[in-house]
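Q: I'll drop the sequence and a predicted model, then ask my questions.
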Amino acid sequence: MTDRTLDCSDLDNYLGKPIQPARMKEPLHNNDFRRWAQAMHYPNLLHYDHDFAAEGRYGRLVAPQSFAVATDDGHGAGPACVGRIANSHLIFGGDEWWFYGPRIFGGDMIHNEKIPFDYVVKETKFAGPTCFQRGDNNYHNQDGDLIAKQRSTTIRYRNDLALEMGSLEATEDPEWSDEALSELEQRKLEFIEMMHALGHGKRYWEDSKVGDVLPLRIFGPHSIASLTTEWRAYLFTMWGGTHRPTLDLEALGFDPKMAGHENDGVMERINPEFTDGAYFGPSRGHLFPRWARYVGMPRAYGYGASMGAWVLDYLAGWAGEWGQVVHVNSAYRAPAFTGDATFMTAQVVDKRVDEQGRSVVQVDCKMKTQLGVTMATAKAEIELPTKS
């Protein structure tokens, strides 16, 4: 009989204790924002078009709110991945974000204070005993301003149990006809045209009503090429671009075939390809179907942190440059698999003046595939300008 235990007792030694912070080595550049917007399928002119941005609120390019996670050294998962769980693998389970007002611009230096928060073990249909671990990321700029807080949730599980419980279904990419792809491209324009119509204008709180539906947002079909583009937009994936953490993935209990030297600052100076998660280590399951199947996924799949960015971009794009997402809590239910497209919908469910005096609307957001499979759900509060 298979041993089904998942020993998480070592995690207790780390909770509440700050771990090594994340820091980039050079100031941010406008091209970092452009690369990010492109990789996240977010055609908001404010973040990549110099002339448009120059005429707007900030007079220059500004990073998307979702960009903060790109300044971390591991998608924000570091403080949610401490302590040893033997023979385990990790996927992302969700992100909760709080934003405090300051925005990120070219020339900024961002650092991230990381503190493990808590964990709980639950029985799941996916992999039996599964650890849901959370950790906090506090993003500051060079002036000490707190830009955002991210509470990341990781899902740590035994991939042998995931395989045993029959997770490997739908191993082939779905087929799309030329007509279906053409229709998909046309439908993508709904969200884009909404942003263009708003331009530098204001979406007023008074004009927003409970029951309002946001324009449909679509992107995909996802592919290994698009997922690779996403991976390369995270700044830590560049050789030498980050002050690397002291990280031993085998010591964390990662399956030996998936541990490797990802994010290893010592190995980076010897052979940096060994430290690149696109090729070796736990992240290669995203881009190589063989290794995706090894960790219990049917085929190559996307990044949880990207899903969180898609939610933020969707809501921030609707709010416009005079609004901002102040809080969002996203739960990831299923990855973005290659061959699938992503459909995002949202609806205003409440509006109020919050305890800080901000005029906010509350929005429920859903992310599904073309087959109606739920990929993520989110609830958010968005601050909008008022006519007064």
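A: Now that the structure is in, tell me what you want to look at.
Q: List the residues that contact the residue sitting nearest the centre point of the chain.
A: Among the residues of the chain, the one closest to the centroid is residue 305, at 1.7 Å (C-alpha atoms, centre = their mean). By C-beta atoms under 8 Å, 6 or more residues apart in numbering, the contact set of residue 305 is 69, 75-77, 92, 95, 234. In short, each C-beta sits where N, CA and C put it, glycine included.
Q: repeat for residue 291
A: Residue 291 touches 258, 284-285, counting by C-beta under 8 Å, 6+ apart.
Q: Next step: those residues restricted to helices.
A: Among these, the residues falling in helices (DSSP state H) are residue 258.
Q: CSV for the contacts of residue 291, including neighbour count and distance to residue 190?
A: Formatted as CSV, these follow (neighbours: other C-beta atoms under 10 Å; distance: C-beta to C-beta, whole Å):
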residue, neighbour count, distance to residue 190
258, 22, 40
284, 21, 35
285, 23, 33
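Q: Which one of the contacts of residue 291 is nearest to residue 169?
A: Nearest to residue 169 among the contacts of residue 291: residue 285, at 16.5 Å, using C-beta to C-beta.
Q: Pretty sure that closest one sits against residue 296.
A: No: Residue 285 is not in contact with residue 296 according to C-beta atoms under 8 Å; the separation is 9.0 Å.
Q: Mutual contacts of these two, please.
A: residue 89.
Q: average pLDDT across the helix or strand containing residue 316?
A: Per DSSP states H and E, residue 316 falls inside helix 304-319. In this model, helix 304-319 has a mean pLDDT of 97.
Q: Buried residues of it, list them for me.
A: 304-319 (16 or more other C-beta atoms under 10 Å).
Q: which one's the longest helix in the chain?
A: Longest helix in the chain, counting by DSSP H: helix 178-198.
Q: Tell me the helix or strand right after it.
A: Next element after helix 178-198 (DSSP H and E): strand 217-219.
Q: just checking, what packs against that next one?
A: helix 178-198, helix 304-319, strand 342-353 (3 or more C-beta pairs under 8 Å, 6 or more residues apart in numbering; DSSP states H and E).
Q: Out of these, which is closest to residue 34?
A: So among the helices and strands packed on strand 217-219, helix 304-319 is nearest, using C-beta to C-beta, at 14.0 Å.
Q: Could you tell me the angle between the closest one and strand 342-353?
A: If you take axes from the mean of the first three to the mean of the last three C-alpha atoms, to 10 degrees, helix 304-319 sits at 60 degrees to strand 342-353.
Q: what's the angle from helix 304-319 to helix 178-198?
A: 50 degrees.
Q: Quick one: distance of the very next helix or strand once past helix 304-319 to the chain centre.
A: Note on helix 304-319: by DSSP H and E, the next helix or strand toward the C-terminus is strand 324-332. When distances are taken as C-alpha atoms, centre = their mean, to the nearest Å, strand 324-332 is centred 11 Å away from the chain's centroid.
Q: what pLDDT does residue 166 get?
A: For residue 166, the model assigns a pLDDT of 62.
Q: What of residue 53?
A: 98.
Q: Name the helix or strand for it, please.
A: helix 50-54.
Q: I'd like the distance from that helix to the chain centre, please.
A: Computed by C-alpha atoms, centre = their mean, the chain-centroid distance of helix 50-54 equals 26 Å.
Q: Let's see which of the contacts of residue 305 end up in strands.
A: Among the contacts of residue 305, DSSP state E puts 92, 95 in strands.
Q: Widest-spaced pair of the contacts of residue 305?
A: 95 and 234 (14.2 Å).
Q: Comparing these two, which residue is more hemmed in?
A: residue 95 (30 against 25; other C-beta atoms under 10 Å).
Q: Specify the beta-bridge partners of the more buried one.
A: On the basis of DSSP bridges, residue 95 takes part in beta bridges with residue 152, residue 330.
Q: so it makes contact with residue 149?
A: No: counting by C-beta under 8 Å, residue 95 stays clear of residue 149, with 10.6 Å between them.
Q: And for residue 377, the neighbour number?
A: 17.
Q: tell me the angle of the helix or strand hosting it relative to strand 342-353?
A: Residue 377 is part of strand 374-383, with elements assigned from DSSP H and E. Interaxial angle, strand 374-383 versus strand 342-353 (the same axes, to 10 degrees): 30 degrees.
Q: what lines up beside strand 374-383 in the sheet?
A: Sheet pairing of strand 374-383 (DSSP bridges) gives strand 324-332 (antiparallel), strand 359-369 (antiparallel).
Q: Please tell me the pLDDT value assigned to residue 248.
A: 69.
Q: do the one 10 residues further on as well
A: The predicted local distance difference test score for residue 258 is 79.
Q: Now it. Nearest residue, chain neighbours left out?
A: Once flanking residues are discounted, residue 258 sits nearest to residue 282: 4.8 Å by C-beta to C-beta, 6 or more residues apart in numbering.
Q: Now for the one you found, how many residues are close by?
A: Around residue 282 sit 24 other residues, with neighbours defined as other C-beta under 10 Å.
Q: That'll do, ta.
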